[in-house]
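A.B. asks: Give the three-dimensional model of this entry:
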Amino acid sequence: MAALQGRHALVTGGGRGIGRAVAAALTASGAKVTVVGRGEAALAGAVAKGEAAGYAIADVTDPKAVDNGVKRAVAERGPVDLLIANAGTAESAPFAKADPEQFRRMFDLNVMGTVHAVRAVLGGMTARGQGRIVAVASTAGLKGYGYVSAYCASKHAVVGLVRALAIETAKTGVTVNAVCPGYTDTEMMRESLDVVTAKTGRTREDAAAAMLKDIPLGRLIDPKEVAAAVVYLCSPEAAAVTGTTLVVAGGEM
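C.D. replies: Prediction:
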């Protein structure tokens, strides 16, 4: 409970899915958590359930909005010690139908959303000589998947960003890592299954089985399992862990 006592953690995309689970796990570990996102109802719900201490409304693709959200969080809960850059989404289409706009959307949210969040907190972390940055990437940042080329490209970029930043910050007291979940039981996954069933006519069970066929564990990852990996990377014991990708994917990789 005391491992992260008093630390201020900021979680982007913290209103649902993995972000919500991460916020709850960090709170349980003693951190003061600010959840950031676009949907006020979900963010307020996290606070009401005791999974976060407060929230800030911001679209992570807008650097000014992110800066303002971070400033508000700092004013209310102190300097940000832990950043979990979790906000992201996926769109699917065969490459021939994945127009440049789809690639731009994926990069604006998945990559630049991470960049804007890091830029908003990194200066303060390095000035204080401590900090943890964890990007929630994906196994799609480590391997390719069909029909999600734009998503894969963006998540590979996030992993590359993490590796580069880790080298730059290695002697500052700040660590930079990525967690790479496989197929995880979230709202986004359920929405993806809806799209697959609508486009292919397959049953939901068949669509889920196709996703899980190459996963030795044979099931979806629980968001709490991803959150536990994030908590470890934020812990004092992970001070020498930087530039790594911690895979939570049931043996897929």
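
A.B. asks: And stretch 101-111, how far out from the chain middle?
C.D. replies: Its chain's average C-alpha position is 15 Å from that of stretch 101-111, according to CA atoms, centre = their mean, to the nearest Å.

A.B. asks: ok, now stretch 117-128?
C.D. replies: Distance, centroid of stretch 117-128 to centroid of chain: 18 Å (CA atoms, centre = their mean).

A.B. asks: What residues sit buried inside it?
C.D. replies: The neighbour-count check on stretch 117-128 (16 or more other CB atoms under 10 Å) flags 117, 118, 120, 121, 122, 125, 126 as buried. (C-beta placed from N, C-alpha, C; glycine too.)

A.B. asks: Please tell me how far the last one sits from residue 10.
C.D. replies: If I follow you right, that is residue 126. 16 Å (CB to CB, to the nearest Å).

A.B. asks: now do the fourth one
C.D. replies: From residue 121 over to residue 10 the distance is 7 Å, taken as CB to CB.

A.B. asks: counting contacts, what elements does the strand or helix carrying residue 9 pack onto?
C.D. replies: If you go by DSSP states H and E, residue 9 is part of strand 8-12. Secondary-structure packing of strand 8-12 (3 or more CB pairs under 8 Å, 6 or more residues apart in numbering; DSSP states H and E): helix 17-28, strand 32-37, helix 63-77, strand 82-85, helix 113-128.

A.B. asks: what about it, distance to the chain center?
C.D. replies: 11 Å.

A.B. asks: How is this protein divided into domains?
C.D. replies: 8-183+223-247, 186-220 (automatic domain parsing).

A.B. asks: To residue 253, which of the ones you listed lies closest?
C.D. replies: When the domains of the chain are compared by CB to CB, domain 8-183+223-247 sits nearest residue 253, at 4.9 Å.

A.B. asks: So, low pLDDT: which residues of the stretch 51-200 of the chain?
C.D. replies: 196 (pLDDT under 70).

A.B. asks: Need the winner for burial among the domains of the chain.
C.D. replies: domain 8-183+223-247 (a mean of 20; mean count of other CB atoms under 10 Å).

A.B. asks: That domain: end-to-end distance?
C.D. replies: 25 Å (CA to CA, to the nearest Å).

A.B. asks: returning to what we had before: can you redo the buried residues of stretch 117-128 as CSV with distance to residue 191?
C.D. replies: Output for those, formatted as CSV (distance: CB to CB, whole Å):
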residue, distance to residue 191
117, 23
118, 27
120, 28
121, 30
122, 32
125, 34
126, 38
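
A.B. asks: Among those, which pair sits farthest apart?
C.D. replies: Longest span within the buried residues of stretch 117-128, CB to CB: 117 and 126, 15.2 Å.

A.B. asks: In TSV, list the domains of the chain along with distance to residue 253.
C.D. replies: Output for those, formatted as TSV (distance: least, CB to CB, whole Å):
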stretch	distance to residue 253
domain 8-183+223-247	5
domain 186-220	10
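
A.B. asks: Could you check how far residue 129 is from residue 32?
C.D. replies: Residue 129 sits 20 Å away from residue 32, taking CB to CB as the criterion.

A.B. asks: Revised request: answer the last question for residue 83.
C.D. replies: 13 Å.

A.B. asks: what residues are shared contacts of these two?
C.D. replies: residue 9 (CB atoms under 8 Å, 6 or more residues apart in numbering).
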